[in-house]
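Visitor: I'd like to go over a predicted model; first the sequence, then the structure.
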Amino acid sequence: MTLSHDDRQMQRYLDGELSDGEAAAFAARMLADGRLRERVEALERVRGGFAAAAEREVARAPAGFTAGVLAEVRRLPAREELQQRELFDGAVRLCRRVLLAAALLIGLGLAWHLGLLDRNRAGSVKASSGEVEREMERLDQRIVESMEAPPRGR
Amino acid sequence: MFALKQRPETSDRELIAAVLDGSEAAFGALVDRYKDRVFRLLGRYCRDSVECEDLAQDVFLKVFRKLHTFNHDSQFFTWLYRITVNAATDHLSRASSRRLRLVEDTGLFEHDDRDRENPTTPLEQEELARVTRELVDQLPEKFRTILVLREFEGLSYTDIAEVLDIQLGTVESRLFRARQRFKDALIRQHPELLPVADAGARGGRR
């Protein structure tokens, strides 16, 4: 979805993403353009709910949270071992993907080699070049006839 | 050894270097610095406090394991947010596949009492806040995430692009679409919460 220039400017204005000069220019535009001002005010009203919700909720980590995390950290293997494990896991993931891709390619190759892909091609017709040529001539002839025929309704 | 005495101005970079040097205290300082933000972000996806704590712990353990791969190209918090968002969305997809997604508020968020002390706060604002949370929960994950990052976390477009690993232009268009979807849902499900000025838009959709 491509945003219109006005939508983009309006959103940036409300989110404080315009420079001071741009914001002043946009505010001046709003003063002159009642429709634009109404749209900005409508969006502001909708956003009011977020401000109201954010003001009413204050989330805090429970007491002892940091100590709990550090206790878990102590149970982890040494950092060097963690890094080695991560490297190993990454290599295993890569190998799995390569093997999967190879299996897919081999499967497709086999299917193509056995003619399974050709046979299942819906609506395909085998024809010699002579037959194709004759069919084309027939179609040409039909077009010429339809052009020569008098128009209906006269 | 970690010789930085957890000064508030100790940079993330210094803490990370100390963690990679083997300092547990430095990692503790990093966790302390970001745990509330991680909790708040996870709370937008998972309203159950126990699940949320487990997820937050997983996030920090993953951070610890992967810290050597962080290359300082981006800010640490956007890297941390990326891990958190991935953990949250994985959790959502697992939960929805088990059909056990919990969206009820079971006390994860402490409701700020400032508004209760303020008698001028309109009741509609309270209702609008509740409905907003409800409608955001209903949005498809990618729209929900971008709204959470922008509207609740207040991230800039550049930070959102880093967290979600998408182009700036995509951030803008996705955010716009997410707001449209949110607005449509609000008009459809709770037209009473929109001011009379929006009646035209409502009428046009009926």
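Guide: In hand now; what should we look at?
Visitor: Find the residue at the geometric middle of chain B.
Guide: residue B:41 (2.9 Å; CA atoms, centre = their mean).
Visitor: What strand or helix carries that residue?
Guide: Assigned by DSSP states H and E, residue B:41 belongs to helix B:24-43.
Visitor: If you count contacts, what does the very next helix or strand once past that helix end up packed against?
Guide: Counting by DSSP H and E, the element after helix B:24-43 in chain order, helix or strand, is helix B:49-66. For helix B:49-66, the contact count by 3 or more CB pairs under 8 Å, 6 or more residues apart in numbering or on different chains; DSSP states H and E identifies helix A:65-75, helix A:79-113, helix B:24-43, helix B:76-97 as packing neighbours. (Glycine included, C-beta is placed from N, CA and C.)
Visitor: So which of those is nearest residue B:154?
Guide: Closest approach to residue B:154 among those (CB to CB): helix B:24-43, 10.9 Å.
Visitor: check contacts around residue B:31.
Guide: Counting by CB atoms under 8 Å, 6 or more residues apart in numbering or on different chains, residue B:31 touches A:65, A:66, A:69, A:70, B:60.
Visitor: Which residue is the nearest non-sequential neighbour of the first one?
Guide: Setting aside the residues directly before and after it, residue A:65 is nearest to residue B:35 in space (CB to CB, 6 or more residues apart in numbering or on different chains), at 5.6 Å.
Visitor: contacting residues around the nearest residue to the residue nearest to the centre of chain B once chain neighbours are set aside?
Guide: Among residues not flanking residue B:41 along the chain, residue B:84 sits closest, at 5.2 Å (CB to CB, 6+ apart). By CB under 8 Å, 6+ apart, the contact list for residue B:84 reads B:38, B:41, B:42, B:59.
Visitor: wait, which of those is closest to residue B:13?
Guide: Taking CB to CB as the measure, residue B:13 sits nearest to residue B:38 out of the contacts of residue B:84, at 19.2 Å.
Visitor: what residues are up against residue A:13?
Guide: A:23, A:26, A:27, A:40.
Visitor: quick revisit: deepest of the helices and strands packed on helix B:49-66, which one?
Guide: Comparing the helices and strands packed on helix B:49-66 by mean neighbour count (mean count of other CB atoms under 10 Å in any protein chain shown), helix B:24-43 comes out on top with a mean of 21.
Visitor: Alpha carbons of it, as PDB, please.
Guide: Extracted C-alpha coordinates of helix B:24-43, given in PDB (Å, rounded to 0.1, in the frame of the first residue of the first chain):
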ATOM      1  CA  GLU B  24      27.900 -11.600  36.300                       C
ATOM      2  CA  ALA B  25      27.300  -8.400  38.100                       C
ATOM      3  CA  ALA B  26      27.500  -6.500  34.800                       C
ATOM      4  CA  PHE B  27      24.700  -8.700  33.400                       C
ATOM      5  CA  GLY B  28      22.700  -8.100  36.600                       C
ATOM      6  CA  ALA B  29      23.100  -4.400  36.000                       C
ATOM      7  CA  LEU B  30      21.800  -4.800  32.400                       C
ATOM      8  CA  VAL B  31      18.900  -6.900  33.500                       C
ATOM      9  CA  ASP B  32      18.000  -4.300  36.200                       C
ATOM     10  CA  ARG B  33      18.200  -1.500  33.600                       C
ATOM     11  CA  TYR B  34      15.800  -3.100  31.100                       C
ATOM     12  CA  LYS B  35      13.600  -5.500  33.000                       C
ATOM     13  CA  ASP B  36      10.700  -3.100  33.500                       C
ATOM     14  CA  ARG B  37      10.700  -2.200  29.800                       C
ATOM     15  CA  VAL B  38      10.800  -5.800  28.800                       C
ATOM     16  CA  PHE B  39       7.900  -6.600  31.200                       C
ATOM     17  CA  ARG B  40       5.900  -3.700  30.000                       C
ATOM     18  CA  LEU B  41       6.400  -4.800  26.300                       C
ATOM     19  CA  LEU B  42       5.600  -8.500  27.100                       C
ATOM     20  CA  GLY B  43       2.500  -7.400  29.000                       C
END
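Visitor: mean confidence score for it?
Guide: For helix B:24-43, mean pLDDT rounds to 94.
Visitor: now it and helix B:76-97, what's the angle there?
Guide: For helix B:24-43 against helix B:76-97, the angle by axes from the mean of the first three to the mean of the last three CA atoms, to 10 degrees is 50 degrees.
Visitor: Quick check: which ranges of the chain have low pLDDT?
Guide: This is for chain A. A:1, A:118-125, A:151-154 (pLDDT under 70).
Visitor: Correction: the question concerned chain B.
Guide: Across chain B, residues meeting the criterion (pLDDT under 70) sit at B:1-8, B:96-123, B:194-206.
Visitor: What are the structural domain limits within it?
Guide: The record's domain parsing of chain B by automatic domain parsing lists B:10-110, B:114-206.
Visitor: Please apply the same query to chain A.
Guide: Per automatic domain parsing, the structural domains of chain A span A:5-56, A:79-122.
Visitor: Mind checking if the shortest one is in reach of chain B?
Guide: Meaning domain A:79-122. Yes - for domain A:79-122 and chain B, the contact criterion (CB under 8 Å from any CB of the partner chain) is met by A:79, A:82, A:83, A:86.
Visitor: In contact with the third one, which residues?
Guide: Taking CB under 8 Å, 6+ apart as the definition of contact, the neighbours of residue A:83 are residue B:68.
Visitor: So it versus residue A:89, what's the distance?
Guide: Distance of residue A:83 to residue A:89, computed by CB to CB, to the nearest Å: 11 Å.
Visitor: Check residue A:4 too.
Guide: For residue A:4, the distance to residue A:89 equals 46 Å [CB to CB].
Visitor: tell me the secondary structure for residue A:58?
Guide: State at residue A:58, reduced to three classes by DSSP: H, G, I helix; E, B strand; the rest coil: strand.
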